[in-house]
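**Student:** Here is a sequence with its predicted model. Questions after.
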Amino acid sequence: MTDAPARPRSLAELFVAFTVLALQGFGGVLPVVQREIVERRRWMTQEEFIEEWAVAQTMPGPNVCNLSLVIGSRFFGLRGAATALLGLLLVPALVVLALGSIYSHYSDHPRVAGALRGMAAVAAGMIVATGIKLAATLRRHPLPLAVTLPLAALGVFGLVVLRLPMLAALLVLGGTGCVLTWRRLKP
Amino acid sequence: MTGALPAQDLAIVLAWHDWLDLFAHYLMISLMSVGGTIATTAEMHRYLVEQHGWLTQTQFNDSIAIAQAAPGPNVLFVALMGWNVGLNAGSYAAAALGVLVTLVGALLPSSVLMLLAANWGHRNRERRAVRAFKQGMAPLVIAMLVSTGIILGSANSDFATDWPLYAVSVTAALVIWRTRIHLLWLLAAGALLGALGLL
């Protein structure tokens, strides 16, 4: 399977598709992108989706935004990339700002403040869990766990305890990881 | 500044060079956001809350919680932080400017890079250097995510009174890690516990 069976007919269809899927995504849009773009609309094959996702994940920037750029650009070039990204962000941004504004009028209410405190605690746990889930992929990493786990632990120590700027951690620890991996991979 | 604004705990003055500084910082954050913008939360916290004091700890945490609870990409927490910085500066116009500055800053460099890299990376995906970069970043990406969660979860630093919050965070992390339950149920449970005054 090399050709995706279908494609969006217009920029408007692309925009609406990304707006609709973004509005379905609570706590993560990626699963919805896969279901809508690959399974329902058939704009990409499963294989193409996985390849593009790997690049989107590797590059800086929000993963799902990166993915929308790639999907949009393959159908309509630069205009398509911009349309898909705007579709993903515009209406949801208005929704988030509206919710934020409503919330700020009631932030003195103890139940509302309490509810948000509870949600913030869950959100913190969600992010840690995502990190732990990703850590499982280190078992298939070219470098042994004896190298990758200390590297990750050093990163946590630097960022949480020493409060290192992210850029320093990226350059030093990320760079170390890349160089070590490069040496391990067969040319 | 105007009566229509909700009461703010923080009033700040932002000169034009402060806005430029904010924009420049988000351009940099964009380039650092390997693993997603959420992975740079620690850096945003250092800059907005600790270094400049443009955002209160509560506003910072609430921005993330509201964006997580709302539909849409999680990156929209950036827009909400920009909105709150603008509100702290005293007007809805500043809030709109804050959204524009932070969101465009956080997305522009990474989007340009992504589009350039998408073609190139696809053509050269078997190359050793490409594979080394993709895979070599993995340990740090994981560290960034775990650190972000810990910093957010430990914002309430008094363990003696805030231990239920820590318990909720740890429980949520364990449940998400070990099960496939929809995240929305957990957020709802956290909200319910908080609304009942248990946290």
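**Tutor:** Noted; the coordinates are in hand.
**Student:** mind listing what the closest residue to residue B:72 other than its chain neighbours touches?
**Tutor:** The shortest distance from residue B:72 to any residue other than its chain neighbours is 2.7 Å, reached at residue A:92 (CB to CB, 6 or more residues apart in numbering or on different chains). C-betas here are computed from N, CA, C, even on glycine. Under the criterion of CB atoms under 8 Å, 6 or more residues apart in numbering or on different chains, the contact list for residue A:92 reads A:19, A:22-23, B:70-73, B:76.
**Student:** one more time with 10 Å, if that's ok
**Tutor:** Counting by CB atoms under 10 Å, 6 or more residues apart in numbering or on different chains, residue A:92 touches A:18-19, A:22-23, A:25, A:29, B:67, B:70-73, B:75-76, B:79.
**Student:** and if you look at residue A:63?
**Tutor:** If you count contacts by CB under 10 Å, 6+ apart, then residue A:63 has A:28-30, A:33, A:53, A:56-57, B:33, B:35-38, B:73-75 around it.
**Student:** ok, now which ones touch residue B:99?
**Tutor:** With contact taken as CB under 10 Å, 6+ apart, residue B:99 is in contact with A:93, A:96-97, B:76, B:78-86.
**Student:** cutoff 7 Å now
**Tutor:** Shown here is residue B:99, whose contacts under the criterion CB atoms under 7 Å, 6 or more residues apart in numbering or on different chains are B:79, B:82-83.
**Student:** which among the residues you listed are in contact with chain A?
**Tutor:** With respect to chain A, and counting by CB under 7 Å from any CB of the partner chain, the subset of the contacts of residue B:99 in contact is B:79, B:83.
**Student:** List just the nearest of the contacts of residue B:99 to residue A:167.
**Tutor:** Minimum separation from residue A:167 among these (CB to CB) is found for residue B:82, which lies at 20.6 Å.
**Student:** Quick check: which element contains the closest one?
**Tutor:** If you go by DSSP states H and E, residue B:82 is part of helix B:76-88.
**Student:** And that helix, what does it pack against?
**Tutor:** helix A:63-105, helix B:57-69, helix B:92-123 (3 or more CB pairs under 7 Å, 6 or more residues apart in numbering or on different chains; DSSP states H and E).
**Student:** quick one, which of those helices is packed in tightest?
**Tutor:** Between these, the one whose residues have the most neighbours on average, counting mean count of other CB atoms under 10 Å in any protein chain shown, is helix B:57-69 (a mean of 24).
**Student:** any idea of the angle that helix forms with helix A:63-105?
**Tutor:** For the pair helix B:57-69 and helix A:63-105, the angle between their directions (axes from the mean of the first three to the mean of the last three CA atoms, to 10 degrees) equals 120 degrees.
**Student:** I'd like to check the angle between helix B:57-69 and helix B:76-88, please.
**Tutor:** Using the same axes, to 10 degrees: helix B:57-69 against helix B:76-88 is 140 degrees.
**Student:** And for helix B:57-69, what's in contact with it?
**Tutor:** A:27, A:96, A:99-100, A:103, A:116, A:119-120, A:123, B:45, B:48-49, B:74, B:76-77, B:80-81, B:84, B:152, B:155, B:187.
**Student:** swap the cut-off to 6 Å and go again
**Tutor:** A:27, A:96, A:99-100, A:116, A:119-120, A:123, B:49, B:74, B:76-77, B:80-81, B:84, B:155, B:187 (CB atoms under 6 Å, 6 or more residues apart in numbering or on different chains).
**Student:** Name all residues that make contact with the residue nearest to residue A:18 when sequence neighbours are not counted.
**Tutor:** Beyond its immediate neighbours in the sequence, the residue positioned closest to residue A:18 (CB to CB, 6+ apart) is residue A:87, lying 3.2 Å away. With contacts taken as CB under 6 Å, 6+ apart, residue A:87 has the following neighbours: A:15, A:18-19.
**Student:** Nearest to residue A:81, out of the residues you listed: which one, please.
**Tutor:** Distance to residue A:81 across those (CB to CB) is lowest for residue A:18, with 11.1 Å.
**Student:** Which positions within stretch A:147-160 qualify as buried?
**Tutor:** Taking 16 or more other CB atoms under 10 Å in any protein chain shown as the basis for neighbour counts, the residues of stretch A:147-160 that come out buried are A:147-149, A:151-152, A:154-156, A:158-160.
**Student:** Can you tell me which of the contacts of residue A:87 has the most neighbours?
**Tutor:** Taking other CB atoms under 10 Å in any protein chain shown as the neighbour criterion, residue A:18 ranks highest of those with 29 neighbours.
**Student:** how about the helices in chain A?
**Tutor:** In chain A, helices defined by DSSP state H lie at A:11-24, A:30-33, A:46-58, A:63-105, A:110-135, A:145-156, A:166-169, A:175-184, listed in chain order.
**Student:** who wins for proximity to residue B:11 among these?
**Tutor:** Set against residue B:11 and scored by CB to CB, the helices of chain A come closest in helix A:63-105, at 14.6 Å.
**Student:** and the angle for the closest one with helix A:11-24?
**Tutor:** Put simply, helix A:63-105 runs at 60 degrees to helix A:11-24, going by the same axes, to 10 degrees.
**Student:** could you measure the most centrally placed residue in chain A against residue A:39, distance?
**Tutor:** Among the residues of chain A, the one closest to the centroid is residue A:63, at 3.1 Å (CA atoms, centre = their mean). Counting by CB to CB, to the nearest Å, the gap from residue A:63 to residue A:39 is 19 Å.
**Student:** now swap in residue A:150 and tell me
**Tutor:** Separation of residue A:150 from residue A:39 (CB to CB): 40 Å.
**Student:** Fine, thanks again, bye for now.
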